[in-house]
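Chemist: Just need the structure, nothing else, for what follows:
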Amino acid sequence: MGVWERPDENSIEGILHGMEFADGVEFDLRVDGDGEFVIFHDEFVPGPGRMLDRCVENLPTDYIRSVGISTLDELLANRNFTDSWQRGGKTVDIEFKLPHPSTKIETVSHLGSMIRRLEAALEPLELPERTVFASCFSPKIGEAAKSVNSSIPVTQLVPHIRAWGRFWRLKRVMAIPSFARTTVKGVASSLRNEGMESIGMALDYLVGWPRYVHPGKPVGLHGRGLRRFFEARRGMGAFVWPCPLKYEDALLNAGVSLVSDNMDPWVLEKPDGTPRWPRPGSQPLDEEWRRRIDRSSSDERGDVIAEAASSLPMWDEMEVGRKMRILEEQGVQP
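Modeler: Numbers count the residues shown, from 1 in each chain. Model (predicted):
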């Protein structure tokens, strides 16, 4: 076992690690004062002075780079990232972040402009279909996508979390009313009517006591709750965040993609002692390797997983017949 130093969130180092270690990555995009995409989560860049003077959307690119924030152009210039993306099997979720209200930037036009700029930035890569999509907490993301006839699939994240506020816990508290009045069935129906193909939702919709807050019968990851989840989605894709290790298998077995903050390559087991395979989509296990990994002891599991990683083909290297069998197996509902 080794010691892994976690890269900074939204850093190029962290994104490269996610592309190599897992089935893809999620990162945040904002537009700075020069109209450039910067990879950053918060509304304000770090530094002295008034907070409102440090809104990303009001600052030039050179200054933002000087405080250690990367641009999308820098990421797309990295061949390790783009080569992995272009080969297929890896998915990139780009979350659009809205400006702080003090900037007085109109939401729909801003999101529409972001979509157009992203399309232009990605066009030279000639990416395989369904390897990129854009998400946003704003209920206006669908309207914005339609306004520019977006070629990039988009989805609204639920519950609605406001675009401003210094503290994440406070944002979560402010999102409680949105969570309480939305159900998976209702959200799926609404997004489907807007032409969206997937649902991005908080884990609370599927596990724990919060899912009983909603009117009607709750959905879940097992038994009747899982059947209701499939019925509510009616073929729509779904991804969930954040995903603790203990729920990974249940989500994957339910056909749900997951966004995990646990990308430590030395974490080889889940809390129940079962092995963790980090690339079920881009490097799926065959039955032989699955049995070998399952039967390995904790002491030898790291070597077995490393051997599997070096031996199994990636998705783009697999023959078509096996790809079809995997897709058919994953499409079977309980």
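
Chemist: Just the CA trace of the lengthiest helix in the chain, in PDB.
Modeler: In the chain, ranked by residue count with DSSP state H as the criterion, the top helix is helix 107-122. Output of helix 107-122 as PDB, limited to C-alpha atoms (Å, rounded to 0.1, in the frame of the first residue of the first chain):
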ATOM      1  CA  THR A 107     -28.600  33.800 -16.900                       C
ATOM      2  CA  VAL A 108     -30.000  32.500 -20.200                       C
ATOM      3  CA  SER A 109     -27.800  34.500 -22.500                       C
ATOM      4  CA  HIS A 110     -24.700  33.700 -20.300                       C
ATOM      5  CA  LEU A 111     -25.400  29.900 -20.400                       C
ATOM      6  CA  GLY A 112     -26.100  30.100 -24.100                       C
ATOM      7  CA  SER A 113     -22.800  31.800 -24.700                       C
ATOM      8  CA  MET A 114     -21.000  29.200 -22.600                       C
ATOM      9  CA  ILE A 115     -22.500  26.400 -24.700                       C
ATOM     10  CA  ARG A 116     -21.500  28.000 -28.000                       C
ATOM     11  CA  ARG A 117     -18.000  28.600 -26.700                       C
ATOM     12  CA  LEU A 118     -17.700  25.100 -25.400                       C
ATOM     13  CA  GLU A 119     -18.800  23.600 -28.800                       C
ATOM     14  CA  ALA A 120     -16.200  25.700 -30.600                       C
ATOM     15  CA  ALA A 121     -13.500  24.600 -28.200                       C
ATOM     16  CA  LEU A 122     -14.300  20.900 -28.500                       C
END
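
Chemist: Check which helices and strands the helix or strand just after that helix is in contact with.
Modeler: Once helix 107-122 ends, the next helix or strand along the chain (criterion: DSSP states H and E) is strand 132-136. With contacts defined as 3 or more C-beta pairs under 8 Å, 6 or more residues apart in numbering; DSSP states H and E, strand 132-136 has these neighbours: strand 91-96, helix 107-122, helix 141-147, strand 154-158. All C-beta atoms are positioned from the backbone trio N, CA, C, and that covers glycine.

Chemist: Please repeat the previous calculation with a cut-off of 7 Å.
Modeler: strand 91-96, helix 107-122, strand 154-158 (3 or more C-beta pairs under 7 Å, 6 or more residues apart in numbering; DSSP states H and E).

Chemist: Parallel or antiparallel, list what pairs with the shortest one.
Modeler: In the sheet, strand 154-158 lines up against strand 132-136 (parallel), strand 198-202 (parallel) (DSSP bridges).

Chemist: Kindly report the same for the first one.
Modeler: Strand 91-96 has the following sheet partners, assigned by DSSP bridges: strand 24-31 (parallel), strand 132-136 (parallel).

Chemist: Report the angle between the shortest one and helix 107-122.
Modeler: When you say that, I think you mean strand 132-136. Taking axes from the mean of the first three to the mean of the last three C-alpha atoms, to 10 degrees, one finds that strand 132-136 is oriented at 160 degrees with respect to helix 107-122.

Chemist: who's in contact with the residue nearest to residue 302 when sequence neighbours are not counted?
Modeler: Closest residue to residue 302 in three dimensions, ignoring its sequence neighbours and counting by C-beta to C-beta, 6 or more residues apart in numbering: residue 268, at 5.5 Å. When the contact criterion is C-beta atoms under 7 Å, 6 or more residues apart in numbering, the partners of residue 268 are 275-276, 301-302, 305.

Chemist: Which of those sits closest to residue 225?
Modeler: Minimum separation from residue 225 among the contacts of residue 268 (C-beta to C-beta) is found for residue 276, which lies at 24.2 Å.

Chemist: wait, isn't the closest one in contact with residue 265?
Modeler: No: in this structure, residue 276 is not within contact of residue 265 by C-beta atoms under 7 Å, at 10.2 Å.

Chemist: Using CSV, write out every CA atom in whichever strand or helix holds residue 324.
Modeler: Using DSSP H and E, the secondary-structure element containing residue 324 is helix 320-330. What follows is helix 320-330 as a C-alpha-only set of coordinates in CSV (Å, rounded to 0.1, in the frame of the first residue of the first chain):
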residue,chain,number,x,y,z
VAL,A,320,-17.8,-5.3,-31.2
GLY,A,321,-19.5,-8.5,-30.1
ARG,A,322,-18.3,-8.2,-26.5
LYS,A,323,-19.3,-4.6,-26.4
MET,A,324,-22.8,-5.5,-27.4
ARG,A,325,-23.1,-8.3,-24.8
ILE,A,326,-22.0,-5.8,-22.1
LEU,A,327,-24.6,-3.2,-23.2
GLU,A,328,-27.3,-5.9,-23.2
GLU,A,329,-26.4,-7.1,-19.7
GLN,A,330,-26.4,-3.5,-18.4
